[in-house]
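Trainee: output the structure for:
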Amino acid sequence: MPRGKLLNGLVTQQKVLRAAVALFLEKGYTRTTTGEIAKAAGIGQSSFFHVFPSKEALLLELVKRMFSGQFTLAGQHSGEQDPVLLYAVETALQLHIAELTEPLRELYVMAYSLPSIAAYLYKSTTKRLQVIFGPYLPEAQPKDFYEMEIASGSIMRGFMSVPCDVYFTMEAKVSRFLDCSLKLYDVPKEKRAAITAAVLQMDLHTMAADIIQETVQQAEKGFESLTEKQI
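Mentor: From the prediction side, this is the model:
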């Protein structure tokens, strides 16, 4: 493919991503149409489908970028000395992000509901889970970790979908999720309690807001850098 044509395709993709981020954060996934995204991106709807075959495929690309930022930030705050703590911070961050706004809640619930995105999350996480929890489950095979990730993902989706209130606080939601998921991977009770206590001491609300802000900034910067190259 000629370089100019390839670059034009990347610019169009970045236009769509930038428009989608803004609309998804404002209206949510379900209420945003591909026509609205194309219009906001300044392109025709046929051009939208040239770079993304569906709205689900577009959300998958955004999920990949958001989870990458989430893992990076979690690693900065948990260190590399304890992979179980890193897992706990990552998953707790997801719960916090879903609680920031209703459109974000819907985006994350949809990510765990739509087939292609759920499959990506399960498969991309399985190898990491084997490294993290292998010492606690030495007899477990990759298929076992895949099945357990489906189970913990279902718990995550359920917890995300229910807004916090005076009875089900953010602290209670994080604590209950970590206890359920770490127990699933056979982490001892004392370890579960210590990990949960450490996570609850972190300012995850600010970290979650930073991830969303970084996602918006990346959408803007990606488009601007490609536009400069094209010029």
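Trainee: below-threshold pLDDT in the protein: ranges please.
Mentor: Where the chain drops to pLDDT under 70, the residues are 1-9, 68-80, 222-231.
Trainee: let me see the domain layout of it.
Mentor: 3-55+215-230, 59-212 (automatic domain parsing).
Trainee: mean neighbour count added to the ones you listed, as a markdown table?
Mentor: Glycine gets a C-beta too; all of them are placed from N, C-alpha and C. What follows is these, written out as a markdown table (neighbours: other C-beta atoms under 10 Å):
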| stretch | mean neighbour count |
| --- | --- |
| domain 3-55+215-230 | 17 |
| domain 59-212 | 17 |
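Trainee: hmm, Tyr108 is touching Ile97, no?
Mentor: Yes. Here Tyr108 reaches Ile97: they are 6.4 Å apart, a contact under C-beta atoms under 8 Å.
Trainee: who are the contact partners of the residue positioned nearest the centre of the chain?
Mentor: Note on the chain: the residue nearest the mean C-alpha position is Phe67, at 3.9 Å, using C-alpha atoms, centre = their mean. Going by C-beta atoms under 8 Å, 6 or more residues apart in numbering, Phe67 touches Leu121.
Trainee: how far away is it from Ile117?
Mentor: Relative to Ile117, Phe67 is positioned 10 Å away (C-beta to C-beta, to the nearest Å).
Trainee: got it, and Val16?
Mentor: To Ile117, Val16 is 17 Å away according to C-beta to C-beta.
Trainee: and if you look at Asp186?
Mentor: Using C-beta to C-beta, we find Asp186 at a distance of 28 Å from Ile117.
Trainee: give the next helix or strand downstream of the helix or strand containing Val84.
Mentor: Using DSSP states H and E, Val84 sits in helix 83-100. Using DSSP H and E, the helix or strand that follows helix 83-100 towards the C-terminus is helix 102-111.
Trainee: what sits up against that following helix?
Mentor: Applying C-beta under 8 Å, 6+ apart, the contact partners of helix 102-111 are 24-30, 59, 63, 94, 97-99, 117-118, 121, 157, 160-161, 163, 212.
Trainee: restrict that helix to CA atoms and write it as CSV.
Mentor: Output of helix 102-111 as CSV, limited to C-alpha atoms (Å, rounded to 0.1, in the frame of the first residue of the first chain):
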residue,chain,number,x,y,z
GLU,A,102,-22.6,6.7,34.1
PRO,A,103,-21.3,6.7,30.5
LEU,A,104,-18.1,5.2,31.7
ARG,A,105,-20.0,2.6,33.7
GLU,A,106,-21.8,1.6,30.5
LEU,A,107,-18.6,1.5,28.5
TYR,A,108,-16.9,-0.9,31.0
VAL,A,109,-20.0,-3.1,31.4
MET,A,110,-20.3,-3.3,27.6
ALA,A,111,-16.6,-4.2,27.4
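Trainee: next one: that helix to chain centre, how far?
Mentor: Distance of helix 102-111 from the chain centroid (C-alpha atoms, centre = their mean, to the nearest Å) equals 10 Å.
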